[in-house]
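K.L.:
Output the structure for:
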Amino acid sequence: MLVIGAYHISSAQVLAIFVILLLTLINTGGVKNGKTVQTVLTLIKILSLVLLIIFGFAAFDLEVWNQNWSSANRWNLQQLKVDGSTADYATFGAFGAISAAMVGALFSSDSWHSSSAVAGEIKNPQRNIGLSLALGTLIVTVIYILTNLMYTGVLTIEEMASAPKDRVAMLVAQEILVLLA
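P.N.:
So this is what the prediction gives:
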């Protein structure tokens, strides 16, 4: 940690500043350079998720899957407490819990409409805007569903709920590495 007067600067902050400066430099080189970086980073993210899904299904535990889905036929929304016990939500509480649970999913898909904002820069926009919206939505939906199905086959609901810093993917990756070792 670097201390400059009253400011404390962590290594993560220095890295973030460096990345912002690097991306700014790349983007000042033209749209083509920015497009290449964005394509490479998007492919890395998608490949990472696909590999997590593949290895996750390889680590699939039928007992965990059955435990997670044992009450699916009598679905009721319950709060998972720190001690592992559960309590039923009231109707208003259930609405709040579902709303809070959707925040991450909604923020992660906030830019689905961005391709329509850049229509002037897209070749053949009549065809490609609709195609990009449809394919993008389909790809994200399939990856999202497969990822969540894989999570429920590797970790119990309690493990997912108590994942450190809500990093379920990290917990799954650790589980996979333990099984591969």
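K.L.:
Give me the pLDDT for residue 107.
P.N.:
At residue 107, the model reports a pLDDT of 67.
K.L.:
Could you pick out the longest helix of the chain?
P.N.:
Ranked by residue count, the top helix of the chain under DSSP state H comes out as helix 125-154.
K.L.:
So what's the gap between it and the chain middle?
P.N.:
Computed by C-alpha atoms, centre = their mean, to the nearest Å, the chain-centroid distance of helix 125-154 equals 12 Å.
K.L.:
So which elements touch that helix?
P.N.:
helix 31-58, helix 62-69, helix 114-117, helix 168-180 (3 or more C-beta pairs under 8 Å, 6 or more residues apart in numbering; DSSP states H and E). (C-beta placed from N, C-alpha, C; glycine too.)
K.L.:
lowest-confidence stretch among those?
P.N.:
Per-stretch mean pLDDT for those is lowest at helix 114-117 (a mean of 66).
K.L.:
Show me which positions of the longest helix of the chain end up buried.
P.N.:
Neighbour-count burial for helix 125-154, counted by 16 or more other C-beta atoms under 10 Å, picks out 129, 132, 136, 143, 146-147, 150-154.
K.L.:
just checking, next helix/strand downstream of it?
P.N.:
helix 157-161 (DSSP states H and E).
K.L.:
Need phi/psi at the residue lying farthest from the centre of the chain.
P.N.:
In the chain, counting by C-alpha atoms, centre = their mean, residue 5 sits farthest out from the average C-alpha position, at 37.3 Å. Dihedral pair for residue 5: phi 60, psi -120, per degrees, to the nearest 10.
K.L.:
same question, residue 85
P.N.:
In terms of degrees, to the nearest 10, the main-chain angles of residue 85 are phi -80, psi 170.
K.L.:
for residue 87, same thing?
P.N.:
Note on residue 87: its backbone torsions stand at phi -140, psi 140 [degrees, to the nearest 10].
K.L.:
how much space between it and residue 158?
P.N.:
Residue 87 sits 14 Å away from residue 158, going by C-beta to C-beta, to the nearest Å.
K.L.:
what about these two, which has more around it?
P.N.:
Set residue 87 next to residue 158 and count neighbours by other C-beta atoms under 10 Å: residue 158 wins out with 13 against 10.
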